[in-house]
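1. Got a predicted structure here, sequence first:
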Amino acid sequence: MEEHHRHDRAAVSNRTMELVVAAIVFAFGAVVVYDSARLGAEWADDGPQAGYFPFYIGLLTCLAAVIVFAKAAFDARGRKAFVGVGQLAMVLKLFVPTVVFVALIQVVGLYFASTLFIAFFMIWLGKYAWIKAVPVAVAVNLSLFLLFEVWFKVPLPKGPIEAAFGLH
Amino acid sequence: MEEINSLLHGFAVALTPFNLMLMLVGVVLGVLIGVLPGLGGANGVAILLPLTFTMPPTSAIIMLSCIYWGALFGGAITSILFNIPGEPWSVATTFDGYPLAQKGRAGHALTAAFTSSFIGALIAVVVITFLSPVVARFALKFGPPEYFAVYFLTFAAFVGMSKGQAWKTIASMMIGFALAAVGLDSVTGQLRLTFGFTELLQGFDFLIAVIGLFGIGEILLTLEEGLAFKGANARLNVKAVMETWRELPRYWLTSLRSSAVGCFMGIVPGGATPASFMAYGVAKRFSKDGERFGTGQVEGVVAPETAAHAAGTSALLPMLTLGVPGSPTAAVLLGGLLIWGLQPGPMLFVEQKDFVWGLIASMYLGNIAGLVVVLTTVPLFAAILRIPFSIIAPVILVVCAIGAYTVHTSMFDVWLMLVFGVVGYVFKKLDYPLAPLVLALVLGDRAESSFRQALLGSQGDLAIFFSNALVGGIMTLGILLLVWPLVSAGLTRLRKAA
Amino acid sequence: MRIRQSIACAIAALAAALAPAAHAQLGGWEPTKTVEFIVPAGTGGGADQMARLIDAIIKKNNLMKQPMVVVNKGGGAGAEGFLDIKNAKGDPHKIIITLSNLFTTPLATGVPFNWKDLTPVAMLALDQFILWVPADTPYKTAKEYIDAVKAAGPGKFKMGGTGSKQEDEIITVALEKQTGTKFTYIPYKGGGEVATQLVGKHVDSTVNNPIEAVSQWRAGQLRPLCVFDDQRLVYRGKVTETMAWSDIPTCKEAGVDIDYLMLRGIFMAPGVTEAQRNYYVALLKKVRETPEWKDFMEKGAFNQTALIGDDYRAWLQKEEQRHYQLMKEAGFLAPGK
């Protein structure tokens, strides 16, 4: 795998990523410690209070984060790429449309959003023709609709389009 | 033997063409439910319930319990193909099942998973048939300290098996525990770590975390290598099934051990998910090939699948005899019993012999039907891998989003799944192991509440965890497992020195 | 081939079951899509059982054209479900069944909701509470048991119950106040688990609802000591070989004057129309007239008081006050309540 990555310029180094993640983990641990202390983190007469375990879990998280941070800071091998520019671009090509898709669910409902998403993906990344992508996307969503909404009676988010069909 | 007669009578009740048809319907629906993370046993039972009113209760329970078997089988499919556990108990199946698929051995992994599930269930049904009165009494011995001991044992069996850096393992596990603590503390009724956000009241659901960390994270990783799933050129024919079957007898000891773990966890009831983790941990520790677990070992699929199915099957026993469901789907079946006017509990075995033995007989038959159905679908499911990436990837993402949404019918969870997806991607690249996080998330909450319940009962005295042979025994076993790597390392060194 | 056939079979069967059945029009409004029936608790508990039974009765008797789904939203001691319906303003396709957490959860956790945020539809029944001990303990009456608890000293006897700062613990505290005893209260996740823990003697007594412990009673594993009500249960049919529900004395007879009943009622989202509410009132009336419902009531020894409209509101008002009082006395109120 190393060989494969070498010709791809690094978007971010492994070491930077290690440090950032360790810092986030530390912050997470600190938040846990803070709220547990508020709840009471003592060992009372009848056993631990609500915050007892989370308090030490938080502390241990922070400790682990500090050690990982320190190790990464002094690690000479950390120069290698966490992700190459080309790789990152590929990942974002999937991830950004997915985020848009999830945001769209809230606006136009799941079925329409996912029809758009699948068709878009097939045309954009898969280089399929319209004539192939749209029927596939519609068919997938029609089967999802039948499966969840009609047979299993699981209500999924719906928007104005379903409402227009009287399905809302 | 009385049981044999009762069982034969049960077969006579269950083996009608009508019931056999119901079994098939149930199994097929169950597999479908198991495959899709957005559907659970509850949905399956809910949709078939209206149909069952016109049937005799025995036929109805046969069909509904077959949904349950089907779901147990089906959970493995997406775990192996896409690293997305369809059901919580198939998380451990991803550890070796997905690497196998990547090597182009998806057919082998699926066959191993299905066959082991069947064997696990079969052993559990035999236990139920012949030992149910003893087993029911045994289950009653479990109070809070014993439950804690069981969770501790699960944890001990699994921990220390992940490679990678020790501190990253600890960080990952602690994050899991912290996430498990979010929400309402069941012992004091206080809200923990919710910071006033009503979305956090229900805590972090295991399934959402797993879909994100494993499923979405894996798709992102796959993308780095280009627009394709590895293992797409898998061989998908009857030969794969035969080859796997020839290989499986080698793992008889693992199967046996995992069945024992599964039966124990199902009866207690600790549940199928912890059972699968525990069995995987134990198998890794005691197998000759233990070190190669996680790289695509058939044995690493056999262990969790056998245990999950054995646990899922034996979980029906506490439901029938105690009225306490051992799993969410069992809880819905319990609702079913009430609607037909059957009261689960100690009297069921006495008053409703036809029903109980018909159900037990259907466990045998339903699992055979399940195995046949899923094995015939191996080529079908493995063929999904041949669908071009740019079609299957968005479909998987849509199904994941649906799965996350349906847990609490909340969009917040869908966003959460995406966050977990990024976390899974980054953690995997930085060698933070994900399995400890997931295990801590599953067990953390339950282990903590049994620990505190036990201490409430003993008024803060820790000796409660060694207060009788049962709890003391399980705790000791757990401690032994925890220190085992140290002990064995020490022994090797001694031997070398000598 | 076989799979395809059985799928076809399943689909055909489903289609048959889902075909709308002819039935009488109920007033001006009717559901136009699937009705979501929210249970603010986990699967298998008392509220869940009742909701699933109602769902089944409606389906079996074709009381509603549109389908119904039961959805469990038990997170945060039911807050998840209550907030969901509170935020679904004007949505007539959601109903919720309540347990005491309608009152206790906002008081104990400070999560912002109140019954006045919802539209009360109907009270279906009231659930009773009974003091249970394992059958092979020597206590034959509530008095003997309370005396033993007193003699043992504070904290020596363990009371198991569902949840923390909810109905079971409220009754336990009331019992302690009345009798000058002190139990160690151990919270579990659900009523079925509590009854099993009592059979296994991991706790000394429980205050389970009748439906949660009836099976263990019939199997001779548990013994009811007294019912927390001011009059005895009305069901005279024999449950065990020697006893009927009506043979269980009230706690008042045993010198412990506590009556506590739990609401099993239905609410809708705020802002629904009168016609929409009336539809569900009429629907639930039909449910209560079915033999399946009556059978369930008897099996679980429910108090069959059913209220609607202003009577229901008045009852809720009174009960809210009472819970506030009880929880204040027990020290269960969230800061600022």
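-> Here it is on my side, so go on.

2. Does chain B have contacts with the strand or helix carrying C:Pro187?
-> In this assignment (DSSP states H and E), C:Pro187 forms part of strand C:183-188. Yes. For strand C:183-188, a contact with chain B is found by CB under 8 Å from any CB of the partner chain, at C:184-188. (C-beta placed from N, C-alpha, C; glycine too.)

3. Now A:Val102: closest residue in space, sequence neighbours ignored.
-> Excluding its sequence neighbours, the residue lying closest to A:Val102 (CB to CB, 6 or more residues apart in numbering or on different chains) is B:Val414, at 5.4 Å.

4. Would you confirm that the one you found contacts B:Thr406?
-> No. In this structure B:Val414 lies outside contact range of B:Thr406 using CB atoms under 8 Å: 10.0 Å.

5. Tell me how far B:Ile402 lies from B:Phe381.
-> 19 Å (CB to CB, to the nearest Å).

6. Same question for B:Lys353.
-> Following CB to CB, the distance that separates B:Lys353 from B:Phe381 is 39 Å.

7. Give me the more crowded residue out of those two.
-> Between B:Lys353 and B:Phe381, counting by other CB atoms under 10 Å in any protein chain shown, B:Phe381 is the more crowded of the two (21 against 14).

8. what about the more buried one, which helix or strand?
-> Secondary structure (DSSP H and E) places B:Phe381 in helix B:353-383.

9. Does chain A have contacts with that helix?
-> No. Residues of helix B:353-383 contacting chain A under CB under 8 Å from any CB: none, with a closest distance of 15.4 Å.

10. Just give the number of residues close to the nearest residue to B:Ile479 once chain neighbours are set aside.
-> Closest residue to B:Ile479 apart from its sequence neighbours, by CB to CB, 6+ apart: B:Ala156 at 7.1 Å. Counted with other CB under 10 Å, the burial measure for B:Ala156 works out to 21 neighbours.

11. And the contacts of the next helix-or-strand element following the strand holding C:Pro187?
-> Towards the C-terminus, the helix or strand next in line after strand C:183-188, according to DSSP H and E, is helix C:191-199. Helix C:191-199 is contacted by residues B:140, B:143, B:322-325, C:44-46, C:132-134, C:160-162, C:168, C:188, C:203, C:205-206, C:208-209, C:212-213, C:216, C:221-222 when judged by CB atoms under 8 Å, 6 or more residues apart in numbering or on different chains.

12. same thing with stretch B:355-363?
-> B:6-7, B:9-11, B:13-15, B:19, B:23, B:57-58, B:61-62, B:65-66, B:69, B:121, B:125, B:128-129, B:313, B:316, B:320, B:342, B:348-349.

13. Domain-wise, how is chain C divided?
-> Taking automatic domain parsing as the criterion, chain C consists of the domains C:33-126+C:262-330, C:130-247.

14. From one end of the longest one to the other, what's the distance?
-> Criterion CA to CA, to the nearest Å; first-to-last residue distance in domain C:33-126+C:262-330 is 44 Å.

15. Secondary structure element for the residue nearest to A:Val102, which one?
-> Counting by DSSP H and E, B:Val414 is found in helix B:411-429.
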